[in-house]
Each structure stands twice: as C-alpha cells, then as structure tokens.
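Visitor: model this:
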Amino acid sequence: MKRNLLNQLMAMTLLVSIYALFNVVIHTSWLLKDYPVFDNDIHYLESPPPVSFGYLDFSVKLEEEESHLMPSKARPPKPGMTTEETVKEKTNGLRVGGEEIKSPNEKSTEQLKILLDAITKPTYFCSKMLNQGGRTCKLVPDGDKKVCMDEGIGPKRDSCIVYSIGIGHDFSYDFFMTKYGCNVFSMDHDYLHSFYDTNRMYKRLYMASVRLGTMIEYRTVHDNIENSTFTYFYRPLDNIMYILHHENANLDVLKIDIEGDEFHVFEDSIFKTDILERTRQLSIEIHLEKFLVKNATEDIEALARNYTRFFVGLKSHGFELAYYEPNIITPVPLVKVLGINFPVCFEQLWVNRNVRPGEMPVYEKPIRHYVKQLEPKDKHLIQSQ
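Guide: Numbers count the residues shown, from 1 in each chain. Sure thing, here's the model as predicted:
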C-alpha cells in the first residue's frame, strides 16, 4: 500500500516537473528564436522580415514596390516609379485619425511628397542588418530596433558606447546590446524610474533618471486623470556626454524615442554641436502627430517643410537613411492629408560612413558614479502628489 502511494507520488512529481520544463521552454524559446547569442557567431538579418498585419485587420498586399506603409531598405529604384505610385493608398480597414486635411495648394502636395520621400527612401544599403530587442504587442513585434553591422559602421565589440534615450520600461534592446559588449546608458524619467535599483541592473547597463531636452530644467506636469503632478528633469545631450566623460568619444549607436520632441531637440540643441559627426548610427522614432490636430492652424506646406528640415539636417551632418518601417502600434496609426494616407509614427535607422574618430573615455571612478551625476539634485522636487 505504502509502495503504491510512493509510486503514485513519484509519478505525479515527474509529471509536474515535465509540465514546468515545458512551460520554461515555451516562454523562453523566443530568446533563442528572435535574438542572436553574441557569445558565438554574429547572426545577420540580410533583409527585412516579412510583415503580417492580419492580426490588426490591416489588409495590405505585400508588393515589390516601395511604399510608405511598408518596411524598406535601400534598393535600386524601379524604372518608371513615380512619387504618385510610391505614396498611393494601401490602407484597407486601418483607422485613420482626425478629419481629412485638404488643400487646393499644389505646393502643399509637393512638399508633403518631399517629406514622405525623406522618411521612406533609404539611400544606404546595409548588407548586415541586425534586429535587436523588442516585445510582442497584440501579436505584432514592437519596440525592436535595427543595427547595421557593416564594416566601419557596426559597433566595435567590447568597446562600443550606446545611448538609449526614452526607453519607457522596455530594456530588451539595451540588454541585448550589453550582450554584444557595449556599455549601454539608458535614460528616461517618470515616477516609476525612481524605484529602479541601478546597482542591480545588467552588467554594462547604466540607468539614469533624466530626459533629453535642450537645457537643464525641471518641468512640472499635472495629470488630470490621476489628479497628480510630477516634475521631470531634463538635460541636453552635450551636457550628458560631458558628465559621462564622453565629450570627445564616439557614440556607436544613439537611440532616441522622445515622443515628438525630437524635432526641436535636434534643431535647438544637437544640430548645434559636433555630436552627430562622432556618431556612427542613429536609431530614432519619428512622430508626425501635428498632422492629427483637427483644424490645424499651420499651413500644410509650412508644416511639411518644418518636418522636412529635420531630415535635411541629418543629411548635412553626414547621415544616410538605411532603414525605415511604419510603427502601427499606436492609438491612431494613420492620418490622411491631401488624399494621402500615411503612418503617424516611423522607426528609422541612419548611418554615418564618415564618422570622425573620437577618443576613448577615461574614467577615474566607477561608471555608475558619473551616471548618478546625471540625475536631479533637488530630489524634493521630483515627487508625485
């Protein structure tokens, strides 16, 4: 009797162990499937992965021609391809935000097409494109970023510096770049970031509670929904690099997602420095949300020109567009302007083939000491009420 009970207990224990092991395999297999292990050979993504929008009821026929609704790498232009064909509608079923913006001004239409071309027409072909980080949102990949590993452009293993600015709470990209051997400096600031124990982060990953701005400042924002206030702390990029002893260093990757502030931060701050000349790759999310404003007071031609000026600035600092894809994991994925549907947000990767050599940083103290210097000194101001 006792032996039978013991045998049954052992059998149940074995079944539970097998079930637990099965769950571990199922829930961790994505690590091996989607993300290369850098301790061995580097795995390259030779071309963009096929895109399926079926889960979002976004029925789009995948064709060979380029479109602002499709991910795109640089490729030889097709004979006879016109801008009209490039920006034609392919939006069956996907929500379009706001009212359609119309204008009889032909210059407005032409300027909008110039803007879309600047966003969606890569000019540099990266032969070794690597997909890093990300998660799944509504069964669709979200938050993953591209890194070009071509010689002279790719991060230098075990000596690379990566800035990841505006991370939210997704450290997946940052973590996998540390696996490659980069020192990754992650930055963002809200009331939750203050609870992170930065001393227990991943090896080579350094988190600072600070946002990217154009000057050193505090901004207090009231949340009407939560009926609370929070004071955010900002620093300009050149100040951040000075504190981290990177003022003369190369940035291997500058990753920025600052929810629409990218335009004025670059124009009022970054473009006025030599940081981009020392940066190999810029991974950035672009937000065109001003087109969503109902009855926008800005002239469409002027709005498109203002947005375009940002991309012209990147090119003037030596950058070439290597990859773009629309980001449709947003409350309002599309906007319709002058009869053209296009996404509100885009992911882009820019590369600099003529980067100016910098100097390796010298640290007299542990790196975390310098990272803490980035954070606000007036802690009593940084609190939710």
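
Visitor: now for the protein, the helix or strand with the poorest mean pLDDT.
Guide: Counting by mean pLDDT, DSSP states H and E, the chain has its least confident helix or strand at helix 83-86, which shows a mean of 38.

Visitor: doesn't F342 make contact with V335?
Guide: Yes - counting by CB atoms under 8 Å, V335 does reach F342; the two are 6.6 Å apart. Using the backbone N, CA and C atoms, a C-beta is placed for each residue, glycine as well.

Visitor: overlap in contacts, the two.
Guide: L288 (CB atoms under 8 Å, 6 or more residues apart in numbering).

Visitor: more neighbours, the two?
Guide: For V335 versus F342, neighbours defined as other CB atoms under 10 Å are more numerous around F342 (25 against 22).

Visitor: phi, psi for the more buried one please.
Guide: Dihedral angles of F342 (phi, psi; degrees, to the nearest 10) stand at phi -150, psi 160.

Visitor: domain parsing of this structure, as residue ranges.
Guide: Segmentation of the chain into domains, based on automatic domain parsing, reads 1-34, 54-381.

Visitor: least confident of the ones you listed, on average?
Guide: Among the domains of the chain, domain 1-34 carries the lowest mean pLDDT, a mean of 54.

Visitor: how about the strands of the stretch 201-350 of the chain, start to end?
Guide: Secondary structure of the stretch 201-350 of the chain (DSSP state E, counting those that start in this stretch): strands at 205-209, 211-212, 217-223, 228-235, 251-256, 279-287, 319-327, 334-337, 340-343, 345-352.

Visitor: just the endpoints, please. Distance across stretch 156-165?
Guide: Terminal residues of stretch 156-165 lie 20 Å apart, using CA to CA, to the nearest Å.

Visitor: what's in contact with it?
Guide: 38, 155, 173-174, 177, 180-188, 212, 240, 246, 249-258, 360-361.

Visitor: can you pull the buried residues of that stretch?
Guide: Buried positions in stretch 156-165, judged by neighbour count with 16 or more other CB atoms under 10 Å: 160-165.

Visitor: and what of stretch 352-361?
Guide: 352, 355, 358, 361.

Visitor: check stretch 367-376 too.
Guide: 370-371, 374-376.

Visitor: now intersect those with the helices, please.
Guide: With helices defined by DSSP state H, the entries of the buried residues of stretch 367-376 inside them are 370-371.

Visitor: farthest pair within the buried residues of stretch 367-376?
Guide: Spatial extent of these (CB to CB) is set by the pair Y370 and P376 at 15.3 Å.

Visitor: I'd say P357 and N250 touch.
Guide: Yes - taking CB under 8 Å as the definition, P357 is a contact partner of N250 at 7.1 Å.

Visitor: between the two ends of stretch 309-328, what distance do you get?
Guide: 24 Å.

Visitor: name the strands paired with the host helix or strand of M187 and say parallel or antiparallel.
Guide: Secondary structure assigned from DSSP states H and E places M187 in strand 183-188. According to DSSP bridges, strand 183-188 forms sheet pairs with strand 161-165 (parallel), strand 205-209 (parallel).

Visitor: now the closest residue to D274 other than its chain neighbours: phi and psi?
Guide: Nearest-residue entry for D274: R356, 7.5 Å, with adjacent residues in sequence omitted and distances by CB to CB, 6 or more residues apart in numbering. When read as degrees, to the nearest 10, the backbone of R356 gives phi -80, psi 130.

Visitor: so who does R356 touch?
Guide: Applying CB under 8 Å, 6+ apart to R356 gives the contacts 250, 274, 277-278.

Visitor: out of those residues, which are buried?
Guide: In the contacts of R356, burial by neighbour count holds for 250, 278, counting by 16+ other CB under 10 Å.

Visitor: farthest-separated two in the contacts of R356?
Guide: Those two in the contacts of R356 that are separated most widely, counting by CB to CB, are N250 and D274, at 11.4 Å.

Visitor: now tabulate the buried residues of stretch 352-361 in JSON lines and tack on distance to A322 and secondary structure.
Guide: JSON lines is the format used below for the buried residues of stretch 352-361 (distance: CB to CB, whole Å; DSSP: H, G, I helix; E, B strand; the rest coil):
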{"residue": "N352", "distance to A322": "10", "secondary structure": "strand"}
{"residue": "V355", "distance to A322": "14", "secondary structure": "coil"}
{"residue": "G358", "distance to A322": "21", "secondary structure": "coil"}
{"residue": "P361", "distance to A322": "26", "secondary structure": "coil"}
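
Visitor: tabulate the contacts of R356 (JSON lines), appending distance to R204.
Guide: Shown next, in JSON lines, are the contacts of R356 (distance: CB to CB, whole Å):
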{"residue": "N250", "distance to R204": "17"}
{"residue": "D274", "distance to R204": "26"}
{"residue": "E277", "distance to R204": "25"}
{"residue": "R278", "distance to R204": "21"}
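
Visitor: from what I can see Y370 touches M241, true?
Guide: No - at 10.6 Å, Y370 does not count as touching M241 under the criterion of CB under 8 Å.

Visitor: all helices for this structure, in order.
Guide: For the chain, the helices defined by DSSP H cover 2-34, 83-86, 106-120, 172-180, 237-243, 262-268, 300-316, 367-372.

Visitor: quick one: which of the strands paired with strand 183-188 is nearest S316?
Guide: The closest of these to S316 is strand 161-165. By CB to CB, the value is 21.1 Å.
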